[in-house]
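In: Following is a predicted model, sequence given first.
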Amino acid sequence: MPELNSKQISHLRALGHNLNPVVMIGNNGLTDTVLKEIEVSLKAHELIKIKVFGDDRAARVSMLQEICEKTHATAIHHIGKQLVIYRQGENPKISFA
């Protein structure tokens, strides 16, 4: 996937603001089942919001990095317990024009 510039990331961040979380990561952490659900959601929506339960910020940051590595997605935003990631689909739904 090509690198996104700051204008594109700002656009995606604005779009992600109104999204509801489609995946929740609970006390079991980042399991294979959760990764599979993230993969399905990315294929369907391209831009998704994930809610992480747990107060450890460092753990959330490492989860975000791991999610992006395993799904080939781009981290768009991380604020509090909310993560927003993006991966362009085969037929892109989000335009940057």
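Out: Nice, I can see it.

In: quick one: contacts of stretch 56-65?
Out: Contacts to stretch 56-65, defined as C-beta atoms under 8 Å, 6 or more residues apart in numbering, come from residues 25, 29-30, 52, 54, 75, 78, 81, 83, 85. Every residue, glycine included, has its C-beta placed from N, CA and C.

In: where does the chain have low pLDDT?
Out: Within the chain, the stretches falling below the threshold (pLDDT under 70) are 1-2, 97.

In: Now, of the contacts of stretch 56-65, which are buried?
Out: The neighbour-count test (16 or more other C-beta atoms under 10 Å) marks 25, 30, 52, 78, 81, 83, 85 as buried among the contacts of stretch 56-65.

In: how near is the fourth one to residue 60?
Out: For residue 78, the distance to residue 60 (C-beta to C-beta, to the nearest Å) stands at 7 Å.

In: swap in the third one?
Out: Relative to residue 60, residue 52 is positioned 5 Å away (criterion: C-beta to C-beta).

In: thought residue 73 was touching residue 87?
Out: Yes. With contact defined as C-beta atoms under 8 Å, residue 73 and residue 87 form a contacting pair (4.0 Å).

In: more crowded one of these two?
Out: Using other C-beta atoms under 10 Å, the more surrounded residue of residue 73 and residue 87 is residue 73, with 22 against 19.

In: Ramachandran angles for the residue nearest the centre of the chain?
Out: The structure's the chain has its C-alpha centroid closest to residue 85; by C-alpha atoms, centre = their mean the separation is 2.2 Å. Main-chain dihedrals, residue 85, degrees, to the nearest 10: phi -130, psi 160.

In: Grab the nearest non-local neighbour of it.
Out: Excluding the flanking residues, the one nearest residue 85 by C-beta to C-beta, 6 or more residues apart in numbering is residue 73, at 4.3 Å.

In: now residue 77
Out: Excluding the flanking residues, the one nearest residue 77 by C-beta to C-beta, 6+ apart is residue 84, at 4.1 Å.

In: quick one on the thing from earlier: quick one: common contacting residues for residue 52 and residue 60?
Out: By C-beta under 8 Å, 6+ apart, residue 52 and residue 60 have these common neighbours: 81, 83.
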